[in-house]
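J.: could you work out the structure for the sequence below:
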Amino acid sequence: MTHHPALRRRLLSLSGTVLAALALLALILMHGYARQTADRSYDMMLGSAVLQLANVVRHEEQGFTVDLPVSAFATLAQAPQDRVFYRISVNGDFLTGYPDLPAPPPRLSPGQALTQEQADFYNADYRGEQIRVARLLRLNTERLPQDEIVIELAQTRLAREQLAEQMMHPARELILAVLAVALLLLWLGIYYALRPFSQLARALSRRSPKDLTPLSLPVPKETLPLLDTINHFIARQQTLLERVESYTSVAAHQLRTPLTTLHALCENARDETDEPRRHRLLIQLVEQCDQLSLTVRHLLNQAVLDHRFHSQEPQPVALNALVREVCVDLAVQALHRRVELAFEPADHELQINGDAFALTQMLTNLIENAVAHSPPNGLVEIRVSAVPAPCISIRDQGPGIADEEKQKVFERFYRGAASRHHGSGMGMAIARDVAEHHHARIWLTDNVPHGLTVTICFDREGH
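T.: Presented below is the predicted three-dimensional model:
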């Protein structure tokens, strides 16, 4: 069973995935922005506090002393749930605070000590909690060599995370609401975009099999190519159906006459007692059977060609090889009629795009006609030439065709008044159809001193 994937589901799934990915990306960016904003807000208080700590580190005779300012910790008390840690070291030696505070990242460890106006900030883990650390470097210039004083003040991130979450909450709700609305609008857009296809399907399903009029629906401009293609297909089916109906009606009429004649000849031969007359009736019966067989063969060939014209793609065809093969197939038949076939190929192989089977049927009909109308010991010349375009000419030495009939013989079931050969009246019509299908011209001219020349020239741009 053939699986038909749902286009609506595919479009909705693909577009929904893209929208969800964009929403997730927006949430990630918003989360990062909220954390940065919260850090900037609390870093101002942490930086102010570390500056106050730096101002109370003094060198006295007994060494360095630190008088912790209450105001520094009062500033940080605005985040009552957070804990505060600090460490003060001089020349790399621990002075006071929490000695196990994590070391700063390498980028904050300069190779040369410089007094900082503002603290550096970084995140770290301490005692199972995330902390934000402000690190300030100062130089004591009261004695030489100068002392390097490092003040590190850390605070847990509870208040920062709460502020970031307060900022993220409305942003998250807004993004989810926008995503839901976008998915709804997307579903509606896909529904209305694919609606014309459903309208076309319903319009076609409601039609009767005999209704081949063009569809006329108010579809969007983007759907017009599909509607035009459907109407073009309907027009082709209408033309093909009319052609088949006309062809079937004419074919039934053409078959009815020889069948009636055949039946009458059979009855006459059955009831005839005179042997010579009976023999003549049997000869006529055989001739009538041959003509009926030829007519049926041409009718079947016409049906096959009509199907191939609508189903087969053009393929490269070598004219020299194709014409030579047809001549070889008809050589024995021509010899039985005491007619010689002469084939003259082109100087080099000629390639055209076409249907080899259809071209074979055309050449077979034309050469058979030429052989049938040629006198005993006659000559039929078949020539392939390349100038001015790929052409095939077939020349016979028969009675020829009057000028007023040269166009009529291409009509289906037309038989020339002066023809001594009783054919089906379809050979030239099939040749014309094949030539038109290959965008070729076919015409008749008189042969010198007598006879007929059939010429088929293909379009040079089509080969």
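J.: pLDDT score for Arg159?
T.: Just to correct that, residue 159 is Ala rather than Arg. The score at Ala159 is 89. That number is its pLDDT.
J.: quick one: it from Ala77, how far?
T.: Separation of Ala159 from Ala77 (CB to CB, to the nearest Å): 11 Å. All C-beta spots, glycine's among them, are computed from the backbone N, C-alpha and C.
J.: between the two, which one's more packed in?
T.: Ala159 (20 against 12; other CB atoms under 10 Å).
J.: surely that one is in a helix?
T.: Yes. Counting by DSSP: H, G, I helix; E, B strand; the rest coil, one finds Ala159 located in a helix.
J.: and for the residue nearest to it when sequence neighbours are not counted, the neighbour number?
T.: Leaving aside its chain neighbours, Ala159 sits nearest to Ala79 (3.5 Å; criterion: CB to CB, 6 or more residues apart in numbering). Each residue near Ala79 was counted by other CB under 10 Å, and the total is 20.
J.: which SS class is Ala79?
T.: coil.
J.: residues touching it, list them.
T.: Residues near Ala79 by CB atoms under 8 Å, 6 or more residues apart in numbering: Tyr42, Gln155, Leu158, Ala159, Arg160.
J.: let me know the helix or strand that the second one is in.
T.: If I follow you right, that is Gln155. strand 147-156 (DSSP states H and E).
J.: can you show me the CA trace of that strand as PDB?
T.: What follows is strand 147-156, C-alpha atoms only, in PDB (Å, rounded to 0.1, in the frame of the first residue of the first chain):
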ATOM      1  CA  ASP A 147      53.100  46.300  49.200                       C
ATOM      2  CA  GLU A 148      50.500  44.500  47.100                       C
ATOM      3  CA  ILE A 149      47.100  44.400  48.800                       C
ATOM      4  CA  VAL A 150      44.400  42.200  47.400                       C
ATOM      5  CA  ILE A 151      40.800  42.600  48.800                       C
ATOM      6  CA  GLU A 152      38.300  39.900  47.700                       C
ATOM      7  CA  LEU A 153      34.600  40.300  48.800                       C
ATOM      8  CA  ALA A 154      32.200  37.500  47.900                       C
ATOM      9  CA  GLN A 155      28.400  37.300  48.100                       C
ATOM     10  CA  THR A 156      26.100  34.300  47.300                       C
END
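J.: can you tell me the strand partners of that strand and which way each runs?
T.: strand 84-90 (antiparallel), strand 129-140 (antiparallel) (DSSP bridges).
J.: any regions of this structure where pLDDT drops low?
T.: 1-5, 61, 107-116, 141-143, 246-247, 250-251, 253-254, 415-425, 460-463 (pLDDT under 70).
J.: so where do the strands sit in it?
T.: 57-60, 63-66, 84-90, 93-97, 120-126, 129-140, 147-156, 315-318, 339-344, 351-354, 378-385, 391-395, 441-446, 452-457 (DSSP state E).
J.: in the second one, what counts as buried?
T.: Neighbour counts using 16 or more other CB atoms under 10 Å place Phe64, Val66 of strand 63-66 among the buried residues.
J.: partners of that strand, with directions?
T.: Strand 63-66 is paired, per DSSP bridges, with strand 57-60 (antiparallel).
J.: ok, residues contacting stretch 443-460?
T.: Contacts of stretch 443-460 (CB under 8 Å, 6+ apart): 352, 354, 362, 366, 370, 373-374, 388-401, 406, 409, 431, 435, 438-442.
J.: let's go with 7 Å and repeat that
T.: Residues from elsewhere that reach stretch 443-460 (CB atoms under 7 Å, 6 or more residues apart in numbering): 352, 366, 389-398, 400-401, 406, 435, 438-442.
J.: pull the distance from that stretch to the chain's centre.
T.: The chain centroid and the centroid of stretch 443-460 are separated by 46 Å, computed with CA atoms, centre = their mean, to the nearest Å.
J.: how about it: buried residues?
T.: Leu444, Asn447, Gly451, Leu452, Thr453, Val454, Thr455, Ile456, Cys457, Phe458.
J.: same deal with stretch 182-196?
T.: Ala182, Leu183, Leu186, Ile190, Pro196.
J.: distance between it and the chain's centre?
T.: 23 Å.
J.: so which residues of the stretch 101-250 of the chain form helices?
T.: 158-205, 224-271 (DSSP state H, counting those that start in this stretch).
J.: what packs against the first one?
T.: When you say that, I think you mean helix 158-205. helix 7-54 (3 or more CB pairs under 7 Å, 6 or more residues apart in numbering; DSSP states H and E).
J.: what's the helix it packs on packed up against?
T.: Against helix 7-54 (3+ CB pairs under 7 Å, 6+ apart) you get helix 70-76, strand 129-140, strand 147-156, helix 158-205.
J.: got a list of contacts for the first one?
T.: I take that to be helix 70-76. With CB under 7 Å, 6+ apart as the criterion, helix 70-76 contacts Met45, Leu46, Ser48, Ala49, Gln52, Leu53, Val84, Gln155.
J.: and the furthest pair within those residues?
T.: Gln52 and Gln155 (14.1 Å; CB to CB).
J.: more neighbours: which of the two?
T.: Legend: neighbour count by other CB under 10 Å for Gln52 and Gln155, higher for Gln155 (23 against 19).
J.: before we move on, back to that, now the helices and strands packed on helix 7-54 as TSV including distance to Pro105?
T.: Listed next are the helices and strands packed on helix 7-54 as TSV, based on distance: least, CB to CB, whole Å:
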stretch	distance to Pro105
helix 70-76	23
strand 129-140	10
strand 147-156	13
helix 158-205	19
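J.: tell me, how many residues neighbour Ser216?
T.: 9.
J.: separation between it and Met428?
T.: On the measure of CB to CB, Ser216 and Met428 end up 41 Å apart.
J.: over to Leu292?
T.: From Leu292 over to Met428 (counting by CB to CB), the distance is 19 Å.
J.: same thing with Ile88?
T.: 115 Å.
J.: higher neighbour count, these two?
T.: Met428 (25 against 21).
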